[in-house]
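Chemist: all I have is the shape, not the residue letters:
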């Protein structure tokens with residue numbers, strides 16, 4: 001597994017799924033491939049699509065905080081999630097998020113700490 005660091009916009013609302021006793025929050029993050037050269041933006045190819053999963057308290061906080069269109073910063077381990085489909089192997093990579101944050105370049109945020117349980 002390799003550790004990935006990405007920034008991008010949420011393509012959809014976070015999707016909450018229950019897997020036994022574990023809550024998994026799935027995100028689709030679109031990363032802009034344009035680059036800045038001097039004073040102008042040079043268009044890139046289509047945005048890169050990243051599938052991201054956040055679990056436990058991180059997932060709960062992501063689901064309660066983030067919405068479609070929000071710009072985020074993601075850090076996590078990338079893993080292979082390929083599977084055999086009807087027409088052969090479907091190749092898929094997923095980032096298991098260890099950290100998720102709001103990108104403050106074009107937004108502000110108010111931080112509310114969760115109460116600690118004893």
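Modeler: Happy to help now that I have it. From a predicted model like this one, the values you see are computed outputs, not experimental measurements. Numbers count the residues shown, from 1 in each chain.
Chemist: list of residues touching the lowest-mean-pLDDT helix or strand in the chain?
Modeler: The weakest-scoring helix or strand in the chain, judged by mean pLDDT, DSSP states H and E, is strand 35-37 (a mean of 84). Outside strand 35-37, the residues that touch it by CB atoms under 8 Å, 6 or more residues apart in numbering are 41-42, 44. For every residue, glycine as well, the C-beta is placed using N, CA and C.
Chemist: among those, name the ones in strands.
Modeler: Mapping the contacts of strand 35-37 onto strands (DSSP state E) picks out 41-42.
Chemist: confidence score at the residue nearest the centre of the chain?
Modeler: Residue closest to the average C-alpha location in the chain (CA atoms, centre = their mean): residue 52, at 4.4 Å. On the pLDDT scale, residue 52 is placed at 98.
Chemist: please name the nearest non-neighbouring residue to it.
Modeler: Closest residue to residue 52 apart from its sequence neighbours, by CB to CB, 6 or more residues apart in numbering: residue 27 at 4.2 Å.
Chemist: okay, and the nearest residue to residue 46 once chain neighbours are set aside sits in which element?
Modeler: Nearest residue to residue 46 in three dimensions, chain neighbours excluded: residue 33, at 7.3 Å (CB to CB, 6+ apart). Counting by DSSP states H and E, no helix or strand carries residue 33.
Chemist: quick one: contacts for the residue nearest to residue 52?
Modeler: 10, 12, 14-15, 51-54, 62, 66, 72, 74, 97, 100.
Chemist: now those residues as CSV including distance to residue 111 and secondary structure?
Modeler: Formatted as CSV, the contacts of residue 27 follow (distance: CB to CB, whole Å; DSSP: H, G, I helix; E, B strand; the rest coil):
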residue, distance to residue 111, secondary structure
10, 19, strand
12, 24, coil
14, 18, coil
15, 24, strand
51, 27, strand
52, 21, strand
53, 23, strand
54, 17, strand
62, 14, helix
66, 14, coil
72, 15, strand
74, 18, strand
97, 18, strand
100, 13, strand
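Chemist: many thanks, have a good one.
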